[in-house]
Structure formats: C-alpha cells, structure tokens
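>>> give me a model of this one.
(chains A and B)
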Amino acid sequence: MKKFSSLLHNLILTPSRNTKIKLLQDYFKILDINRSYALAILSDQLSFQFIKASKLRELVYEKVDQHLFDYSYDYVGDLAETISLIWPTKKKGKSQNLSTLIENIKKIKKSEINTEFSKILSELSNNERWTLIKICTGGLRIGVSERLVKTAIADLYNKSINEIEEIWHGLEFPYENLFQWLKNETSKPKIDFKKLFHPMMLANPIDEEKDFKRLDANEFQAEYKWDGIRVQLMVSSKSVSLYSRTGDNISSAFPEIIETTKGDAVIDGELLVGINFKPSGFNDLQQRLNRKKVTKDLQKKFPVFIRAYDVLFYKGKDLRKLSLVERRKYLEKFQKENTTNQIDLSLIINFSTWKELTKYKNNFHDDLNEGVMIKLKNSEYLPGRKKGYWYKWKKNPKLVDAILMYAQRGHGKRSSYYSDFTFGVWKENELVPIGKAYSGYTDKELLVLDKFIRNNTTNKFGPVREVKKEIILEVAFDDVFPSTRHKSGVAMRFPRIHRIRWDKPINEVLSIKEFKKEFKID
Amino acid sequence: MDFINHQLFIKDINVHIDPILPKKTAIITHGHADHARFGHDHVIATKQTIDIMKIRYGDKCAKKFTPLRYGQKYSIKNYDFTLHPAGHILGSSQVLIEKNNHRLVITGDYKVGKDETCKNFKVVKCDTLITEATFGLPIFQHPDPKDEIQKLIRSVKINKNNCHIVGAYALGKAQRVMNLLRQQKYNEKIYIHGSLEKLCQYYSKEKINIGKFEKVSSKDKSFYEGKIIIAPPSALKDRWSRRFPNPIICMASGWMTVKQRAKQQGIELPLVISDHSDWNELLDTIKKSKAKNILITHGQEDALVYYCKKQNLVSKPLSIQGRSDEEIE
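Residues are numbered from 1 along each chain as shown, chains lettered A, B, ... in the order given. Just a heads-up that it's a prediction; the model follows:
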C-alpha cells in the first residue's frame, strides 16, 4: 500500500507526461497481484459496495466535530484529502500490501463496517489513508488517464498500445492472461469480440483557422452533432445490449430499445429523447439518465430513440477496417432490414466548401443540434481520439450578461479558490439567480475574481459568500430550458464564464422577462 | 480588551502593534514584511528585529529605535510592555501588555515546535489572548520537520542529474531549511538566490548554523546538477529558475499539507515545514495561557472561534486591515 500510495502521490504532483510514464513503469516492473489491483484501480474498475462518500462522512463524524470537519472540507475541497488529514489517530500499524488490504476490506461484514473500516483508516499513514479513500469513492482524478497507464505498460513490455486497447474490454481482474502475455509467457489473450464493447471513435475540435486551410472539403462528409449521449448498441439473435461511451452496460434503463431492436450488428449512435425522431433537448433526456430501472410512465413521457452514426460489425463481419463510406452502406442495409421506431439514421450533409458548411453549423432545426461533425470519408473506425479523421465543429454559444451574486470554493485543481460562481439578472429591483458556472475563465481572471470575492463579501451562508453586486460576467451557454426547480424559472445547459465585462454598468443587465423573451422561453 | 481596538491600536497612548501604515509609535513583533514596515517615528522591538528591519529597509527606516531584551519592561503611562519569544523567526516576539492587573498578550506569528534558528516559544499567561490562526483548521497537523527535510535529502541522492530548487520565504524559512539540512548532516554547500544573501549573512553572524552557502551565479548549467538551491517562492515561476538543469521544484511551507495546494503551485516535492503553529499547538497555547477572552487574527479564524466558544471562552475574530488570508508566511 505504501508503494501504491506514493505512486499516486507522485503522479498527482508531476506535470510532465514523460515523468508520469516513468513512475508508472517503475511500479509495473513487477506484475503481481498488487499490480492487478493497481491496474483495476487506475482504470476505475474496482468498487466497494458499501463504502460510499456518505458512509465516510458518517465515520469521520464519529471522530471529529462536524462543524470543524465542514470548515476543513470547505477549505480543502476534496473529501479524501480532508478525511485523511483530519483523521485523529496517527498511530501507524504494520504496512499491509495493497492486495491484502483490499481483500480484508472485502471480507468486512456490513454490520461491522463502522468499527472495522475505522480501524483500518487508523492504521494507515495520511497518504495511505488518502489513497484508500480515493479507491473507495472512485474517480482518482490524479491526472492519469486509463490510456496513459496502457501506454506506459505497452511501452515497458514492448507491445503496441493498439493491441492492448483492442483486447482491453475483454479483460477481467486479475488480468492473469494479460500479465502472462506481457511477460511473453503466452500468446495474446483471445477475446470474443462480438460480445465486447468496442472503444468508440472520437472527434477532435476543429481549429477553424488552421484546419480549414489545410483540409480538402471534398475528402470529408458532415453530419449534425446531436446533444444526447453517445451509445453503442449490440444486436444479435440472442441478445441486445446498450453501452455508454465509457463501456457501462445501460440496457436496463432503456427497455424500449432492447425489446424492439432486431438484427445482427454493432451500431454506434446517439441516444436522444423525442417522438417521431424529433429530438426534444437534453433537459428531457436527463429525466432518463442515471436510472437503473425506468417506469412505464417515464417511458411514455420521455420516449428515447437512437440516431445511428456508424456500424462496426454486421452479421459477424468486422467492418472497422472499411472506409466510412463503405460502412455507411452496411448501416443503411441494416436499417432497411430492421426498421423500428427506435432507430433512424444520421443525415449526411452535402457541401463542397467549408464556407458552405458554416450555415449548417449555425442554423438548423430549432437549435437542437450542437453543430456539425466533419468526418474523413475514407476513415477506418479507430478507437480513441486520433487526430486527422473526425472533427467536431460546435456552433457559437449563446451569450448573456449577468451579475455575479454568490461564490463558493471550488474542488480539485481549483480547490480553495473562489471559483464556483452564481450569477443573476434583474427581477424588478432584485436580482434572481439564473445559473452557476465553474469554468471558462482564464487563470488570470480567476485570480482577479477570487480576490474581488475575498475583499467584497457582504454575507456568508456556510461556505457560500454573497458579494457586492458590481461584477458583470458574460456567460456562454449551450441552451436554456424552462425549469420549475429554479426560482428564476430557467435552467441553463453548460454555462461557463466567457469574460468579465468591466465596461458595463449593472443597471444595463437584462431583466428575467427580457431574458426569457430573448431566448424564447415562455 | 477595552484599551486596544481591532487594528491593534492603543488609542490612549497612541501605540500600534505591527501597523501597516507609518505611525508614531510601533511595536514590531518580527521582521516579515506584513508586520514590519518602513517609516514609523519610533520602533520598539527586539534588537534582532530592528537589525533585520535595517537590513531590509535601510538604517533610516524609522526615526528612533528602542531595542528590548526578552522580558525587559518598557512603560508608557500606566501601560507596561514586555516582549517574549514567539519561536517564529530570529528575533520574533509576543507582546505582553499589562494595565491595572489586566494582562493582554498579542502572540504575533508563532510556532511552538523546536527551532535552532531562534529562541523558542514560551506560553505567557494572560487574561486576554490575541492569537494568530494561519493554520487554524484541524487538518493542519505539522509533521516532524526532520522527516520532511529527509525527503529532500533522499530526492537529491536519487536524482543526481537534477537540481532541487526549494521555495522558501527569504527571511526565516530559508535559513531554517538550511539549518535543518545541517542538522541532518547535509554538509554540501547550499546555493541561494541573491535576495537571500544579506539575511543569510546576518543569521551566520548571529551564530545560527546554516553552514556554507553561496549566491547563485551564471555558471555552466551542469554545475548545479545534484545541488540544492534555495529561492523565494516568487522566483520559482520566474525566468530565473529556467537556468538550472532539470529542476525539481520543492516548497517548504505549512500550506504544502494540502496536495491540491501543492499541485496548483506546480510544486513537485512539497515539504511541510512551517513557522506557524498547527491546530493542536494553537489549542494547546490557548489552554495554557489560561486566557478567558480569545481574539483571533489573520488566518482561518472561523474554526478556531467555533472551538473556543465550545470551550466556554469568549472569542471573536479580529479582521486586521491589509492582511488577507492565505498570503502570509
């Protein structure tokens, strides 16, 4: 555990990619059961059923005054780090290795979790405690992607990263077959590809200035970019399953797709809510997300469908090495043979110059698309975000000027800065909040805002500071919907700070009435 | 408490403690720039604090200086002042003010732990305690500085082709890091940023063991491989640090307790070495002072005020102008 926790500690503090790879390689020089756990943790595949953030809070409140903990958490901005630092017992027990520790935790009976897990936390050093809590709550956020870990390992054992990517989703803890192959003791693990989630092909944002000069419009085709969630649908005569972009099986939440789809293929598409293939916006889709099960009522109110972009397998045949144009033919064939009310095809936009494409990017279908995708016609289906094949070109965001009202400290890399901003517009003589943003500003702007907030706090509500109403933020957002949950009656999609409007006086900010009118909300 | 206001000003006799702006009479707790300023008429402080002020601001930074030994009494009207060791940096002191049997202590910045570079802290019993709270949260529990300095020494041994640049405040922290390295038998010459030179020379003169040091000069890049360089934190991000071979950026500060803090500042090797009291030391000092009235100055005062109230002590924060939280040390 000591080795693994110092690995994580060093990874989080190292800005250099090469140093990170070197640290990972030093650690994975040996391939044993500890490394199996480490690999599972680094790729976020290990989870403890009954040790969640709320349980950890409960444990720490048994040891530390709740208010003192809350003050500290507000300051640190990271639960694992706060608990690891504030934990009062500093006695160090014998340092257990990672696998023994995890296996011991797994053996804990649910009824004894409070005493037993507390005991374990007390036996660890600060850094080990931090590591263990990070493992329990999942999502390490140490600036190391799954891909970087694979790269480090591939490089260390002279394998290609693509080979590892290909079999990755067919591997399971404790990765014996992988480790043996890495050590050249056996051949590459055999995986049944048809049953496997295949890593998706992703797009890079286009650089309007550079890329359009460089790229030949005739070699590309375009499609609309939809604001749903990207999914992979696996259909065979035996079963149908639906996976999210990260490879999670989400079939049970969308029974209408599972029950109606027929055929034999692996389809890549966008999951959307709407009737007659007319998407109704992300707000509606959100009602269907993050649910294990779904009621009939919800299905009726928010029916889902898939807008198909691509096909990876068709009747057992691997199409990924074919060109996009070829694959599209198979996709159309699949669609013809298996027509349902749950799958339609993404439209292909014809254009001959980049300029022509601009109008498609900005105006279409009541604002429901997010822009366009630009895809190389003869691109293979390549996992990951490879450069030079697929591009996304988002439409310009909507903008509104609003007044900074409240601020709160951020988390992670922004911890202890006042970096979460609530902003509002006028409602008669008062301000009413319309949204909250914690990104978009430059580092310099953040420092200015942070300083302003510290020096101009007029009121404190727990961790929230109310500030003098003088700063106007130009807020960019993707969309805005009516909402009954917010006082203002509106909810923004992905608001972020575009810039600070030093030039504008606060009485020139819109009223909520004007705001709703401008963005067509009744 | 009636006789001193939230600006640490005693109106009755026109005396300030650590004022930000030039004043008639200023008692200075120690030489850091957020406490010792240029331009007062009359400065009362320890001899070492006065020396440090003269090094930093010139011999004429005040019209008149009154050096006091620890414990030596100085009276103005019916107010008696004495200075007591604060253990923060060389010359640092707490101020005890006695008036009509009421004892009030202003701790200034202080730390309780051992430190060879200055006279160590002693609790002064009092009725009213005005304490700092830089690290006034229970997450701050400073480790043994020897273990922290060992991390640096180990890293130097392992990374022979890198140089280690340690960010440390020019007055106090830099010399403490040097002294800790010497305590741990690191006997190589230590290289310092130019802005540290005069202060290091003064520490040497005052017989503080900081060993051999030399100002960084424009030598061959490879010369600094395997060396330790000490620089003020502001220099770490400056062009200045780019002249060195594969630098590993370190920082000696209590803030380094929080990993995300270290990461934000681009610190690769955080060293939790603080010249301020940690949470437990703050609580211990409050308890041992026997004060019933606790006022809390700059830092994380909320948690400490809450704690004191729970102990049935009268407590409130003092917000002193010109000292924003989290920038000090």
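>>> where along the stretch 1-150 of chain B do the helices fall?
B:47-57, B:145-158 (DSSP state H, counting those that start in this stretch).
>>> following the longest one, which helix or strand comes up?
Toward the C-terminal end, the helix or strand that comes next after helix B:145-158 (DSSP states H and E) is strand B:163-167.
>>> and the residue of the stretch 1-150 of chain B nearest chain A?
B:Ile139 (3.9 Å; CB to the nearest CB). Any C-beta I mention is one placed from the backbone N, CA and C, and that applies to glycine too.
>>> deepest of the helices of the stretch 1-150 of chain B, which one?
Among the helices of the stretch 1-150 of chain B, ranked by average contacts under mean count of other CB atoms under 10 Å in any protein chain shown, first place goes to helix B:47-57 (a mean of 20).
>>> quick check: mean pLDDT of that one?
Mean per-residue pLDDT for helix B:47-57: 97.
>>> list the buried residues in stretch B:270-289.
Buried positions in stretch B:270-289, judged by neighbour count with 16 or more other CB atoms under 10 Å in any protein chain shown: B:270-279, B:281-283, B:285-286, B:289.
>>> A:Ser163 contacts A:Lys188, doesn't it?
Not Ser; residue A:163 is Glu. Yes - if you go by CB atoms under 8 Å, A:Glu163 and A:Lys188 touch, sitting 6.7 Å apart.
>>> ok, A:Asp32 to A:Asn10 distance?
Distance of A:Asp32 to A:Asn10, given as CB to CB, to the nearest Å: 20 Å.
>>> any idea of the mean pLDDT in stretch B:190-198?
Mean predicted confidence for stretch B:190-198 is 96.
>>> circling back to that earlier point, tabulate the helices of the stretch 1-150 of chain B (a markdown table), appending distance to chain A.
Formatted as a markdown table, the helices of the stretch 1-150 of chain B follow (distance: least, CB to the nearest CB, whole Å):
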| stretch | distance to chain A |
| --- | --- |
| helix B:47-57 | 26 |
| helix B:145-158 | 11 |
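>>> now distance to A:Arg230 too, for those, in CSV please.
Output for the helices of the stretch 1-150 of chain B, formatted as CSV (distance: least, CB to CB, whole Å):
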stretch, distance to A:Arg230
helix B:47-57, 60
helix B:145-158, 44
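>>> hang on, the earlier thing: from the buried residues of stretch B:270-289, which land in helices?
Applying DSSP state H to the buried residues of stretch B:270-289, the entries found in helices are B:279, B:281-283, B:285-286, B:289.
>>> of those, which pair is most distant in space?
Within those, B:Trp279 and B:Ser289 form the most distant pair, 16.1 Å apart (CB to CB).
>>> any idea how far the residue lying farthest from the centre of chain B is from chain A?
For chain B, the residue at maximal distance from the C-alpha centroid (CA atoms, centre = their mean) is B:Asp220, at 34.5 Å. Taking CB to the nearest CB, to the nearest Å as the measure, B:Asp220 falls 24 Å from chain A.
>>> and chain B, what are its domains?
Following automatic domain parsing, one finds the domains of chain B at B:9-139+B:276-317, B:145-271.
>>> nearest to A:Pro174, of these?
domain B:145-271 (29.1 Å).
>>> quote the end-to-end distance of the closest one.
8 Å (CA to CA, to the nearest Å).
>>> and if you look at stretch A:447-462?
Start-to-end, stretch A:447-462 (CA to CA) is 22 Å.
>>> over to the residue nearest to A:Leu242 when sequence neighbours are not counted: give its phi and psi.
Take A:Leu242 and drop its neighbours on the chain: the residue closest to it by CB to CB, 6 or more residues apart in numbering or on different chains is A:Ser251, 4.8 Å away. The phi/psi pair for A:Ser251 (degrees, to the nearest 10) reads phi -60, psi -40.
>>> so what's A:Ser251 up against?
A:240-242, A:257-258 (CB atoms under 8 Å, 6 or more residues apart in numbering or on different chains).
>>> can you check A:Val372 too?
A:222-225, A:349, A:357, A:360-361, A:392-393.
>>> between those residues, which sits nearest A:Gly77?
Using CB to CB, the contacts of A:Val372 come closest to A:Gly77 at A:Lys392, 31.1 Å.
>>> show residues contacting the particular helix or strand that has that closest one in it.
Element membership for A:Lys392, per DSSP H and E: strand A:390-394. Contacts to strand A:390-394, defined as CB under 8 Å, 6+ apart, come from residues A:201-206, A:208, A:211, A:225, A:357, A:361, A:370-376, A:379.
>>> check residue 269 and give its pLDDT.
In the absence of a named chain, this looks at chain A. At A:Gly269, pLDDT is 96.
>>> meant chain B actually
The model reports B:Leu269 with a pLDDT of 96.
>>> just list whatever residues bridge to the closest residue in space to it that isn't next to it in sequence.
Counting by CB to CB, 6+ apart, B:Leu269 lies nearest to B:Cys250, which is 4.1 Å off, once chain neighbours are set aside. Beta-bridge pairing of B:Cys250 under DSSP bridges involves B:Val166, B:Leu269.
>>> B:Cys250: how many residues sit nearby?
By other CB atoms under 10 Å in any protein chain shown, 26 other residues sit near B:Cys250.
>>> cool, and A:Gln232?
Applying other CB under 10 Å, I find that A:Gln232 has 21 neighbouring residues.
>>> ok, the nearest residue to it once chain neighbours are set aside to B:Gly87 distance?
Distance criterion CB to CB, 6+ apart; nearest residue to A:Gln232, sequence neighbours excluded, is A:Tyr243 at 4.5 Å. Using CB to CB, we find A:Tyr243 at a distance of 61 Å from B:Gly87.
>>> contacting residues for the most centrally placed residue in chain B?
Nearest to the centroid of the C-alpha atoms of chain B, with distances taken as CA atoms, centre = their mean, sits B:His88, at 4.6 Å. Counting by CB under 8 Å, 6+ apart, B:His88 touches B:30, B:108-111, B:118, B:121, B:172, B:275-276.
>>> what does A:Lys398 give?
Counted by CB under 8 Å, 6+ apart, A:Lys398 has contacts A:476-480, A:519.
>>> ok, it to chain B distance?
A:Lys398 is 31 Å from chain B, by CB to the nearest CB.
>>> doesn't A:Ile191 make contact with A:Asn177?
No - taking contacts as CB under 8 Å, A:Asn177 lies outside contact range of A:Ile191: 9.2 Å.
>>> more neighbours, those two?
Neighbour count, other CB under 10 Å: between A:Asn177 and A:Ile191, A:Asn177 has more, with 18 against 15.
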